[in-house]
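Visitor: sequence first, predicted coordinates after that:
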Amino acid sequence: MMVSVKLALIGGVLLLVGAAAMAFGILPPADALTIGERVWPILLFVVAITIVAELAAAAGVFDLAGALLARLARGRTVVLWMLVVALGVIATAFLSLDTTAVLLTPVVIAVARANKLPPMVFAFTTVWLANTASLLLPVSNLTNLLAMHRLDLSPGGFLALLGPSAVIAIAVTVLLLWISHRRDLRGRYVPVPIPRAADAPLLVATAVIVVGMLPFLVSGLEPWMPAVVAAVMLLLLFAWRHPRALGLRLVPWSVLVFAVGLFLAVGALEATGALDAVSALVGDGPAGLWQAAGLGLVGSNAINNLPAYLALEPSASSPALLGALLIGVNAGPVIAPWGSLATLLWHERLRAAGVDVSWRRFVLWGLLLGPLSVALSVLPLLWRL
């Protein structure tokens, strides 16, 4: 069964749980409205940025970027990989981890195959960076957007809080990628010609809109605003140049159903006081930072990073503790296949591309990457105490 279908089914069950909680008075209508006021801008951003990313892919923006990187590397495999790392970090930071997992993964696999290179190192690069690089900006991960509601920080303030931790997480990721795939990164290749665009004006206009949107995502505006403007512009552009690419399939329905159901279900748990004991699990001082991060890591790999964040959020009583929790739920879910939605979507795209991934290898290397990147990434937060 496809990941999106499973996600929708789980979301449907959670919606029923939330509806039952409201019907029996467990979740008061006022609390449900408060949840709605908190999450509607986030969900609107998710819809808009997904439309932007899907239409950018349909126009060939990611394909062109991958082909240009292959030419720019001048046949040096390790240079191409480093450029893919940079592209993965940028895509994750501005367009979210799901974009990197879903849309960038098949592009880098295609680039690797076209240039007769082993695809696995590029596949692991996208999925690992989709998680660890999602600490950079508020728009990089849904958990970050949820945390912004409590942090009350500007994008610059968020970057100041978690930017150093993100750099450490990315550096650890790149180092382990090099260690685990260093043999595949040796040697050279003969770059293939850059393919011609099916609709060059559409490609150029789409690229301009996407690139023009990026600075506005970190300008201090609500993230949904520039994302919605860019999505509307692209929808109008495609209605003129390529209307067959449009449709309701552009909307991430399964993610929306899952998110809404999850928010209501967790809200109901909070209303019953079932999550009060969670706050006692995190102490003060430096030890509390590693406790929050460790709980985030364990919770993410036990269930999933989004419900883990929602359940543990009450335990984070300061910006530093909330930052540590974000480190755990963002950089930590690289062990279990279900740790983050991005990982599941990544695997689905690899299967569609005919690339077989060993979950045993994924888990074993994740057992090294997750704890190491999380533990080291907490260090910069010590100065925030």
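Guide: Perfect, thanks for sending it. In this text the structure is predicted, and so the values were computed from the model without any measurement. Residues are numbered from 1 along each chain as shown.
Visitor: phi, psi for the residue positioned nearest the centre of the chain please.
Guide: By Cα atoms, centre = their mean, the chain has its centre lying nearest to residue 97, at 2.1 Å. For residue 97, the backbone dihedrals (degrees, to the nearest 10) come out as phi -60, psi -30.
Visitor: one more: residue 76?
Guide: Taking degrees, to the nearest 10 as the convention, residue 76 sits at phi -100, psi 120.
Visitor: report how many residues lie close to the nearest residue to it once chain neighbours are set aside.
Guide: Once flanking residues are discounted, residue 76 sits nearest to residue 188: 5.8 Å by Cβ to Cβ, 6 or more residues apart in numbering. Using the backbone N, CA and C atoms, a C-beta is placed for each residue, glycine as well. Residue 188: 14 surrounding residues under other Cβ atoms under 10 Å.
Visitor: could I get the contacting residues of residue 188?
Guide: Going by Cβ atoms under 8 Å, 6 or more residues apart in numbering, residue 188 touches 75, 76, 77.
Visitor: out of those residues, who's nearest residue 300?
Guide: Proximity to residue 300 was ranked across those by Cβ to Cβ; first place goes to residue 77, at 32.5 Å.
Visitor: give me phi/psi at that closest one?
Guide: Per degrees, to the nearest 10, the backbone of residue 77 is at phi -60, psi -50.
Visitor: make 47 the first number, not 1, from now on.
Guide: That works, and once the first residue is 47, the last one we named lands at residue 123.
Visitor: surely it meets residue 235?
Guide: Yes - taking Cβ atoms under 8 Å as the definition, residue 123 is a contact partner of residue 235 at 6.1 Å.
Visitor: now for the two: what residues contact both?
Guide: Joint contacts of residue 123 and residue 235 (Cβ under 8 Å, 6+ apart) are residue 163.
Visitor: show me where the stretch 197-346 of the chain has helices.
Guide: Shown for the stretch 197-346 of the chain, the helices assigned by DSSP state H, counting those that start in this stretch span residues 201-227, 246-263, 270-287, 299-318, 331-348.
Visitor: among these, which comes closest to residue 365?
Guide: Comparing the helices of the stretch 197-346 of the chain under Cβ to Cβ, the one sitting nearest is helix 201-227, at 6.3 Å.
Visitor: average pLDDT for the closest one?
Guide: Averaging pLDDT along helix 201-227 gives 95.
Visitor: quick one: list the elements packing against it.
Guide: In this structure, helix 201-227 packs against helix 123-141, helix 166-178, helix 188-197, helix 365-377, helix 405-423, with contacts taken as 3 or more Cβ pairs under 8 Å, 6 or more residues apart in numbering; DSSP states H and E.
Visitor: out of these, the one nearest residue 240 is which?
Guide: helix 123-141 (14.0 Å).
Visitor: let me see the mean pLDDT of the next helix or strand after that closest one.
Guide: Next along the chain after helix 123-141, taking DSSP states H and E as the criterion, comes helix 143-145. On average, the pLDDT along helix 143-145 is 90.
Visitor: settle this for me: residue 146 is touching residue 389, isn't it.
Guide: No - judged on Cβ under 8 Å, residue 146 makes no contact with residue 389 at a distance of 11.1 Å.
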